[in-house]
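> model the following, please.
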Amino acid sequence: MSEQPQFTVKVDQNKYLPEGGREVHAIVSVEASAAEGGAAPAAARPATRASEVIIIDTSGSMSYPDTKLRAAVEAGQVAVDTLRDGVEFAVVSGSNVASMVYPERPELVPANDETRRLAKEALGRLRASGGTAIGSWLRQADELFGDREGIRHAILLTDGKNQHETAEQLDAVLFRCEGRFVCDCRGVGADWEVAELRKVSSALLGTVDIVRDPSELVADFQAMTEAAMGKSVADVALRLQTPQTARVKFVKQVMPNVEDLTGRRVEVSPQAGDYPLGAWGEEGRDYHVSVELPPGEVGKVLRAVWVKLVVPGPPGEEAQVLATGNVLAEWTDDEARSTRINERVAHYTGQAELAVAIQEGLQAREQGDEDTATARLGRAVVLADAAGNDEITSLLRKVVDVVDPATGTVRLKKNVDKLDGMELDARSTKTVRTRKDETVNNRGQKG
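Model prediction:
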């Protein structure tokens, strides 16, 4: 077995359209697994470089309680220990401004026994004071990464709201950083804003989650760093090529979490565009693709989308193709064929709606609109049950009393722990594969 990932693309869809039909939906599943028998293709060899920036919030609120900063320091130290030898890294302290923790100069240094020891010692000297300006922290990380190639990953921890810079300033930094590095964001405690950190993680193709108790930080930082160290192919993109007069309506990542990629399209040619997928290790992700076509005659068969998984080629060369697949369209007058809904398309459409229903319901609840909150969270209960998303179902039951899960009849709980609402919000975009997929995967086969 080779340690290099081998990519495959699988398409699930109902290709049949009624006469006059225009819209095609498909689930594109991308799998990266250990290649069998010899070296992987050149395009799939590991990036020659990897770099990591660890950003720790050291604003004044991190000292209340004092266990919070201590736990953050310990988590940062564990993350440093988890780095592979040779990975270039830095640690940044974030308050009103970004400050270097290690090294002292604004640069990245290779991980080895000595630099890890010095970084951990520097982390141990951190003190909390000042405010929160997340954009300045990200700008510092961007400058540290510079023009490096390969895997570029950051961890950002905060316990508060971005109160010391405007939303416009943060947006400007995110625009600058988009596509430059991946950032996983964590909020500890109950005084940060889920929507604010989600905006950061979404722009930077990372994850967002809540750490309810500081004691959970060490395990979370270790898991994030191990996942980053497991990436071996950088800057992967989903290239969609359509026929003339066709257009891509949307592209959404739907597994392991919902993320709309539509607006990230980078034009390659008049009929082809790339959608960035970030860095990959051995893993699987699913994407919902919708394409609008001109109506075809009954019996006509068309390749609606030529799907290519690509990575940048060497300077001056074309992108290298890792795997391909086809989304098809065939017009028919057989109503049974054209009205059949593909199971996986329906499943992920429901989970995308689930995320929206939860976020809208929680927002309405916060604004005192109990009728809307009850309706939207009730709908979320139905969708979570239908998808078999047991984690979300459990979190919803901390916010509402479920009278009838089949109809979505619920009552808002009067007293809800703020952390329970934040946890539901933060994890609302996490999805599960269909029960059929899970059954297949549990037998050790590809889903």
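> so where is the protein shaky, pLDDT-wise?
Residues of the chain meeting the criterion pLDDT under 70: 1-4, 35-48, 435-447.
> how does it look with 90?
Applying pLDDT under 90 to the chain flags residues 1-5, 34-49, 65-66, 313-316, 434-447.
> which residues of the protein fall in helices?
Counting by DSSP state H, residue ranges of the helices within the chain are 66-82, 113-124, 134-145, 167-177, 194-203, 217-229, 335-338, 343-366, 370-387, 390-396, 418-426, 435-442.
> quick one, which of the ones you listed is nearest to residue 102?
helix 113-124 (4.1 Å; C-beta to C-beta). For every residue, glycine as well, the C-beta is placed using N, CA and C.
> need the winner for burial among the helices of the chain.
Highest mean neighbour count of the helices of the chain: helix 134-145, a mean of 23 (counted as mean count of other C-beta atoms under 10 Å).
> name the residues that touch it?
Identification of contacts with helix 134-145 by C-beta atoms under 8 Å, 6 or more residues apart in numbering yields 51, 53, 55, 90, 92, 94, 96-98, 100, 106-108, 152, 154, 156, 158, 162, 165, 169-170, 172-174, 176-177, 180-181, 183, 196, 200, 204.
> how far away is residue 272 from residue 288?
Distance of residue 272 to residue 288, given as C-beta to C-beta, to the nearest Å: 19 Å.
> compare the two (neighbour count), which wins?
Shown here are residue 272 and residue 288; by other C-beta atoms under 10 Å, residue 288 has more neighbours (23 against 17).
> tell me the contacts of that one?
25-28, 250-252, 254, 345, 348-349, 352.
> which single one of those is nearest to residue 315?
residue 251 (27.6 Å).
> what about the closest one, distance to residue 262?
Residue 251 is 5 Å from residue 262, by C-beta to C-beta.
> shared neighbours of those two, anything?
Common neighbours of residue 251 and residue 262 are not found (criterion: C-beta under 8 Å, 6+ apart).
> more neighbours: these two, which one.
residue 251 (23 against 12).
> which strand residues bridge that one?
Taking DSSP bridges, one obtains residue 289 as the residues bridged to residue 251.
> check contacts around it.
Counting by C-beta under 8 Å, 6+ apart, residue 251 touches 238, 240, 260-262, 265, 275, 287-290.
> export those to TSV and tack on distance to residue 5?
Formatted as TSV, these follow (distance: C-beta to C-beta, whole Å):
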residue	distance to residue 5
238	16
240	22
260	25
261	21
262	26
265	25
275	19
287	17
288	23
289	22
290	28
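> narrow the residues you listed to just the buried residues.
The neighbour count (16 or more other C-beta atoms under 10 Å) marks 238, 240, 261, 265, 275, 287-290 as buried among the contacts of residue 251.
> how about those, which pair is most distant?
Spatially, the most separated pair among the buried ones among the contacts of residue 251 is 265 and 288, at 14.9 Å (C-beta to C-beta).
> would you format the contacts of residue 288 as a markdown table with distance to residue 221 included?
Below are the contacts of residue 288 laid out as a markdown table (distance: C-beta to C-beta, whole Å):
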| residue | distance to residue 221 |
| --- | --- |
| 25 | 38 |
| 26 | 37 |
| 27 | 33 |
| 28 | 32 |
| 250 | 34 |
| 251 | 31 |
| 252 | 29 |
| 254 | 27 |
| 345 | 37 |
| 348 | 30 |
| 349 | 35 |
| 352 | 30 |
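> what is the nearest of the residues you listed to residue 9?
For those, the nearest to residue 9 is residue 28 (6.3 Å; C-beta to C-beta).
> what residues are up against that closest one?
9-11, 238, 286-289, 307, 325, 327.
> what would those residues look like in CSV with distance to residue 123?
Formatted as CSV, the contacts of residue 28 follow (distance: C-beta to C-beta, whole Å):
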residue, distance to residue 123
9, 42
10, 44
11, 47
238, 38
286, 38
287, 38
288, 41
289, 44
307, 44
325, 45
327, 49
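> which of those residues sits closest to residue 377?
Nearest to residue 377 among those: residue 288, at 23.7 Å, using C-beta to C-beta.
> give me the distance between the closest one and residue 385.
Separation of residue 288 from residue 385 (C-beta to C-beta): 21 Å.
> now, of the contacts of helix 134-145, which are buried?
When these are checked for burial by 16+ other C-beta under 10 Å, the buried set is 51, 53, 55, 90, 92, 94, 98, 100, 108, 152, 154, 156, 158, 162, 165, 169-170, 173-174, 177, 180-181, 183, 196, 200, 204.
> from the residues you listed, which land in strands?
Among the buried ones among the contacts of helix 134-145, the ones falling in strands (DSSP state E) are 51, 53, 55, 90, 92, 94, 98, 100, 152, 154, 156, 158, 183.
> distance to residue 5 added to the residues you listed, as a markdown table?
Formatted as a markdown table, those follow (distance: C-beta to C-beta, whole Å):
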| residue | distance to residue 5 |
| --- | --- |
| 51 | 20 |
| 53 | 24 |
| 55 | 28 |
| 90 | 27 |
| 92 | 30 |
| 94 | 33 |
| 98 | 34 |
| 100 | 34 |
| 152 | 18 |
| 154 | 22 |
| 156 | 26 |
| 158 | 32 |
| 183 | 22 |
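> list the buried ones in stretch 265-278?
265, 268, 271-278.
> what about it, how long is it end to end?
Start-to-end span of stretch 265-278 (C-alpha to C-alpha, to the nearest Å) is 13 Å.
> quick one: distance of that stretch to the chain centre.
In this view, stretch 265-278 has its centroid 19 Å away from the chain centroid, taken as C-alpha atoms, centre = their mean, to the nearest Å.
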